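Enquirer: Fold the following for me, if possible:
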Amino acid sequence: MGSVKNIVVFIVTILILLLIYGCATFYQYGKLEQSASLDYQAGNYDLAIFKCVESIKLQPDYDKSQALIKDSLEKSVKKHESRIKELDLSQAKFKWDEIVAEYESLIRVNNAIKSLPNIVDKTKKTITFELKDYTEELVVSK
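Expert: Here you go, the predicted structure:
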């Protein structure tokens with residue numbers, strides 16, 4: 001009788017965990033989104049974008065990844081552009097190397113976003129991203 005009770009408790013525990021964490025947690029796209037969320041919270045916006053891209057490629061209608069990638073892109077662009085402005089005003093000897101690296105990061109982020117399939121939100125509206133082409137700025141900086 002004790003082993004049946006243990007089995008029932010185990011099954012109930014598993015069901016509760018499924019409800020608490022949601023099924024997506026146990027799938028790769030959910031794990032990627034959770035990891036991206038941690039990167040976002042740590043200020044690693046580019047990495048969050050790359051993980052969201054992978055999550056969306058696996059599950060294009062996963063709304064958590066859709067929302068996170070939008071926020072991450074906005075923060076990433078602001079962070080890189082702010083750093084470029086800061087470096088441009090500086091007198092640092094190797095500032096151009098750092099400026100080039102910032103533009104290359106922006107281009108990598110854009111390329112990751114461009115690699116996404118068409119994604120549609122819960123209202124059936126296609127999600128679009130406004131991407132600036134940084135190629136010319138990169139060439140001038142080199």
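Enquirer: tell me, how many neighbours does the nearest residue to residue 87 once chain neighbours are set aside end up with?
Expert: With sequence-adjacent residues excluded and distances taken as C-beta to C-beta, 6 or more residues apart in numbering, residue 87 is closest to residue 95, at 4.7 Å. All C-beta atoms are positioned from the backbone trio N, CA, C, and that covers glycine. Neighbours of residue 95 under the rule other C-beta atoms under 10 Å: 16.
Enquirer: So which elements touch the helix or strand where residue 81 lies?
Expert: Secondary structure assignment for residue 81, by DSSP states H and E: helix 63-89. If contacts are counted by 3 or more C-beta pairs under 8 Å, 6 or more residues apart in numbering; DSSP states H and E, helix 63-89 sits against helix 28-41, helix 45-58, helix 95-114.
Enquirer: hmm, back to that, check the gap between the residue nearest to residue 87 and residue 141 for me.
Expert: Noted for residue 95: a distance of 10 Å to residue 141, by C-beta to C-beta, to the nearest Å.
Enquirer: Many thanks, I have nothing further to ask.
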